[in-house]
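Colleague: Have a look; sequence and predicted model below, questions after that.
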Amino acid sequence: MASDTGWRAELEAWLRPFLEALGHPARRAMCQLYVAGLIGPGERKSIQPLAERLGLPSHDALHHFIAAGIWDAEPLEAVLAREADRLVGGRDAFLIVDDTALPKKGMRSVGVAPQYASVLGKNANCQVLVSLTLARREVPVPFALRLFLPEDWIADAARLERAGVPETWRTPRTKPEIALVEIDRAIAAGARFGCVLADAGYGISASFRAGLSARGLRWAVGIPRTLKVYPADVTLLAPPAGSRRKLSEPDQRSRSAERVLADAAWRRVVWRRGTKGRLSAYFAAVRIRVADGPAQQIGGRPAQHLPGEEAWVVGERRASGETKYYLSNLPADVELTTLAATIKARWACEQAHQQLKEELGLDHFEGRSWTGLHRHALMTMLAYAFLQRRRLVRAKRGKKAHRTSAAAEPARHPRRHPSTPAARALATTLSTLPQMDHRST
């Protein structure tokens, strides 16, 4: 949390591109006040406590700005995506797809329903926001939060109308479908990244994986242990002459990811240094073809899928005894250390979600409307990006001062590179991938 007296002037300067996108002077003033209120002290970050701490005569102006004012959030969202790119974007950056839950009481807030909350690991009465986070060198900057609407909301036109849900969002959309729309928006805004990461809630979706590949993106996603895969050398056999079979079939059967990796060579991989030492687990990887091609009867078994895209199936055995499974379309010659470091880079978005809630009040919004929720979420992301910028500037100054001090004294010990072999391999591999810089297209 920012605490020195100079941050407000710094915030005003940093917000200038966002305020220009807002246009009207009153909206500019309220935006700056709202973000400052989120950053400033105080446990509760809902509108009324914010107004009181900011010294406003009432909370009406802030409420109107967030919940009722007529202004388009898309230009600010585009500026935020570009700022995220400026802070952490590049060919060695990751675009992390995830979702976060906002627990709620009652049933009137937009999108609230008893549903699975991945952050809680169970069903809860909550709102669920699909998120996009750009991260590089373990520094995350969230720049997209979009509400998922459960089926019972989509089926209730009156409820959608009361919550002010836009017409374009009143049709069913899965979380992976929402994520692909947000990825397109990120690309259009110029966000650069080398690989898309997501957990099994998204990785299980064949259409999501296909959508990423169709966009020319590298990806690494979680999967359930039961997902079927074929050996990489599988081929399709034409029907024998005179056979009643009309369709080609694979010459090998598909097996679950768990079975394929059971006989693989597992080895310990250190993917980075944490605050308590090196972080490691046992990993194994096998090159396969995913069983997500067209569905047909195979070997007398109905509803089987033909071999699809070639990829890596990866397993991770943790110290707790838990085993996790992943798919990735990183190149066939990539090292296991790189696969592991890529997969484990997803943790950065969880850190960001926690800070958005604990420091900036993402889950404190008390309004019920679609517009109010998304504008509040946008303001929390602006505040977070500003704080990340300050942290990066301070870290850069600290490194510069350290280098200056070190140059002034004779070296007493050889310098050790702070990164692990996995981190170095990951940076090298990502730097060779196509640059996700779409600003010139």
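Modeller: Yep, that arrived. Numbering: from 1, shown residues only.

Colleague: How about the secondary structure of Arg397?
Modeller: Following DSSP: H, G, I helix; E, B strand; the rest coil, we place Arg397 in the helix state.

Colleague: Next, count neighbours for it.
Modeller: 10 (other C-beta atoms under 10 Å). Bear in mind the C-beta positions are built from the backbone N, C-alpha and C, glycine included.

Colleague: ok, now Asp333?
Modeller: 7.

Colleague: ok, now how distant is it from Ala340?
Modeller: 16 Å (C-beta to C-beta, to the nearest Å).

Colleague: Ok, Met30 next?
Modeller: Applying C-beta to C-beta to Met30 and Ala340 gives a distance of 46 Å.

Colleague: Let me see the contact set for Trp49.
Modeller: Just to correct that, residue 49 is Pro rather than Trp. Pro49 is in contact with Gly42, counting by C-beta atoms under 8 Å, 6 or more residues apart in numbering.

Colleague: how close does it sit to Gly222?
Modeller: Applying C-beta to C-beta to Pro49 and Gly222 gives a distance of 38 Å.

Colleague: ok, now Thr342?
Modeller: 12 Å.

Colleague: And for Ala238?
Modeller: Counting by C-beta to C-beta - Ala238 and Gly222 are separated by 36 Å.

Colleague: which residues does Arg162 contact?
Modeller: Arg162 touches Arg368, counting by C-beta under 8 Å, 6+ apart.

Colleague: and it, what are its phi and psi?
Modeller: When read as degrees, to the nearest 10, the backbone of Arg162 gives phi -60, psi -40.

Colleague: How about Phe148?
Modeller: Per degrees, to the nearest 10, the backbone of Phe148 is at phi -90, psi 130.

Colleague: Thr342 and Gly222: who's more crowded?
Modeller: Using other C-beta under 10 Å, the more surrounded residue of Thr342 and Gly222 is Thr342, with 27 against 21.

Colleague: higher neighbour count, Met30 and Ala340?
Modeller: Between Met30 and Ala340, counted using other C-beta under 10 Å, the more crowded position is Ala340 (29 against 22).

Colleague: Hmm, Arg245 is touching Pro239, no?
Modeller: Yes. Between Arg245 and Pro239 a contact is recorded at 4.2 Å, counting by C-beta atoms under 8 Å.

Colleague: Can you name the residues bridging to Leu147?
Modeller: Following DSSP bridges, Leu147 is listed with bridge partners Leu129.

Colleague: Next, work out how far apart it and Ala163 are.
Modeller: For Leu147 relative to Ala163 (C-beta to C-beta), the value is 10 Å.

Colleague: Pull up the overlap in contacts between those two.
Modeller: Residues touching both Leu147 and Ala163 (C-beta under 8 Å, 6+ apart): Val110, Gly111, Trp370.

Colleague: now, among these, which is nearest to His305?
Modeller: Gly111 (32.8 Å; C-beta to C-beta).

Colleague: So the closest one: helix, strand or coil?
Modeller: Under three-state DSSP, the three-state class of Gly111 is coil.

Colleague: what does the one 5 residues further on give?
Modeller: Reducing the assignment at Tyr116 to three states with three-state DSSP gives strand.

Colleague: Show the pLDDT at it.
Modeller: We have a pLDDT of 85 for Tyr116.

Colleague: Can you give me the neighbour number for it?
Modeller: 14.

Colleague: re earlier: and of the shared contacts of Leu147 and Ala163, the nearest to Asp292?
Modeller: Nearest to Asp292 among the shared contacts of Leu147 and Ala163, with distances taken as C-beta to C-beta, is Gly111, at 29.6 Å.

Colleague: my guess is that closest one meets Arg146, correct?
Modeller: No. Assessed by C-beta under 8 Å, Gly111 is found out of contact with Arg146, at 10.3 Å.
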